[in-house]
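Chemist: return a 3D structure for these sequence lines:
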Amino acid sequence: LSIIQRGFFTYICSGRRSLERARLTMSKTAWKASNENVEMGTAELAVEARRLEMEEKVRKRILRIFNKRVENFETERQFNDYLERVEEIIFNLTNGNDVAETNKYIDEYKTLNQASINFNLAKKADEDRQRSESIAA
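Modeler: As a prediction, this is how the structure comes out:
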């Protein structure tokens, strides 16, 4: 991010006091330029923040379904192709591309792979539990 963009981001995330701190770190020219475009920059950053929040929700939902691991595949290439397909699904849902077709694919995948999905979810929960117990110990 440029200094100006960081100033806008600081303003959105932390309020007016942080904007004053950001102003102090900017040159006079950069501050003047940022003030001239503050409404446009703030709006753009707000839209981007909403888009990222939506992508995060979609990503969490999809990764709970598409949760295979490298050991579930014969080759690393197959695993990489699987990961690429998962990212394509996330991209389509986040950006509104072929949403109906993508959701149909997700439903079919869930139906065909429900046992492995549940197994991998249970395995991840067990690993997370063991990790948190080892940290606490």
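Chemist: centroid-nearest residue for this protein?
Modeler: In the chain, the C-alpha nearest the mean C-alpha coordinate belongs to Glu56, at 3.7 Å (C-alpha atoms, centre = their mean).
Chemist: any idea how far it lies from Asn80?
Modeler: 23 Å (C-beta to C-beta, to the nearest Å). In this view, the C-beta of every residue, glycine as well, is placed from N, C-alpha and C.
Chemist: Val86 too?
Modeler: For Val86 relative to Asn80 (C-beta to C-beta), the value is 11 Å.
Chemist: which of those two has more neighbours?
Modeler: A count of neighbours by other C-beta atoms under 10 Å puts Val86 above the other of Val86 and Asn80, at 17 against 12.
Chemist: flag every buried residue along the helix or strand hosting Lys57.
Modeler: Secondary-structure assignment from DSSP states H and E places Lys57 in helix 38-65. Buried residues in helix 38-65, counting neighbours by 16 or more other C-beta atoms under 10 Å, are found at Gly41, Leu45, Val58, Arg59, Ile62, Ile65.
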